[in-house]
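Q: Any chance you could fold what I've pasted below:
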Amino acid sequence: MSKQIEVLQFRKQQLQRQIHQSLELLQGSLHKNPSQRGYHLTTKVNQKTVTKYVRRDLVPQVRAMTRNHLKIRKLLQRLSETN
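A: Numbering: from 1, shown residues only. As a prediction, this is how the structure comes out:
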């Protein structure tokens, strides 16, 4: 096998591992509404904006999950380029 193919296969395996580790995700944006107490997760579903209330104790977990969503999108792009 050529060196270039080996490098590409290694990159592919690394990206697949990183994707697998980040699969706990949520799509959307987390916002604190100043006129209300809690946080809201906003996303598009069938071209309509959907907002869900997020309890304050879940905010760190939801933030991590939305970050994972952005990370997965970047990793998938890199995996596509590698393939």
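
Q: Nearest residue to the middle of the chain?
A: Closest residue to the average C-alpha location of the chain: H69 at 0.7 Å, with CA atoms, centre = their mean.

Q: Now do the contacts for that residue.
A: Applying CB atoms under 8 Å, 6 or more residues apart in numbering, one finds that H69 lies in contact with 25-28. Any C-beta I mention is one placed from the backbone N, CA and C, and that applies to glycine too.

Q: and R17, which of the three is it?
A: Put simply, R17 is helix when judged by DSSP: H, G, I helix; E, B strand; the rest coil.

Q: any idea how far it lies from L75?
A: Computed as CB to CB, to the nearest Å, the R17 to L75 distance reads 10 Å.

Q: Repeat that for T43.
A: 20 Å.

Q: So those two - more neighbours on which side?
A: Set T43 next to L75 and count neighbours by other CB atoms under 10 Å: L75 wins out with 20 against 15.

Q: Any regions of this protein where pLDDT drops low?
A: The model of the chain has pLDDT under 70 over residues 1.

Q: what about the strands in it?
A: With strands called from DSSP state E, the chain shows them at 29-32, 39-45, 48-54.

Q: I'd say L76 and S22 touch.
A: No. Taking contacts as CB atoms under 8 Å, L76 lies outside contact range of S22: 10.4 Å.

Q: The two: who's more crowded?
A: More neighbours surround S22 than the other of L76 and S22, with 17 against 12 (other CB under 10 Å).

Q: residue contacts, the more buried one?
A: Per CB under 8 Å, 6+ apart, neighbours of S22: 68, 71-72, 75.
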